[in-house]
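>>> With the input below, show me the fold.
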Amino acid sequence: MSNNWITPEEMQRKKARQKNILYAGLLLATALLSAAVTLLANQI
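Numbers count the residues shown, from 1 in each chain. Below you'll find the model as predicted:
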């Protein structure tokens, strides 16, 4: 039987990392969206 439960400290680090990934993803999505809007505006 493997002992693979994680400590509260590890859980906290995991949550913090997921939050950072989420923010980075939102930042990237915003940058891509603004780039797309700029390109479309230039097409008009």
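
>>> number of nearby residues for residue 36?
Using other CB atoms under 10 Å, residue 36 has 10 other residues around it. In this view, the C-beta of every residue, glycine as well, is placed from N, C-alpha and C.

>>> what's the helix or strand for it?
Counting by DSSP states H and E, the element that carries residue 36 is helix 8-43.

>>> and that helix, how far out from the chain's middle?
Taking CA atoms, centre = their mean, to the nearest Å, one finds helix 8-43 lying 4 Å from the centre of the chain it belongs to.

>>> Quick one: mean pLDDT for stretch 6-13?
What stretch 6-13 shows for mean pLDDT is 92.

>>> Restricting to C-alpha, output that stretch in PDB.
Taking Å, rounded to 0.1, in the frame of the first residue of the first chain, the C-alpha atoms of stretch 6-13 are listed here in PDB:
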ATOM      1  CA  ILE A   6       0.000  15.000   0.700                       C
ATOM      2  CA  THR A   7       0.700  17.400   3.600                       C
ATOM      3  CA  PRO A   8      -1.200  20.700   4.000                       C
ATOM      4  CA  GLU A   9       2.000  22.500   3.000                       C
ATOM      5  CA  GLU A  10       2.100  20.600  -0.300                       C
ATOM      6  CA  MET A  11      -1.600  21.300  -0.800                       C
ATOM      7  CA  GLN A  12      -1.000  25.000  -0.300                       C
ATOM      8  CA  ARG A  13       1.900  25.000  -2.700                       C
END
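
>>> List of residues touching it?
residue 14 (CB atoms under 8 Å, 6 or more residues apart in numbering).

>>> Centre of the chain to that stretch, how far?
20 Å.

>>> What separation do you get for residue 36 and residue 30?
11 Å (CB to CB, to the nearest Å).

>>> Which residues are in contact with each of these two?
Counting by CB under 8 Å, 6+ apart, nothing touches both residue 36 and residue 30.
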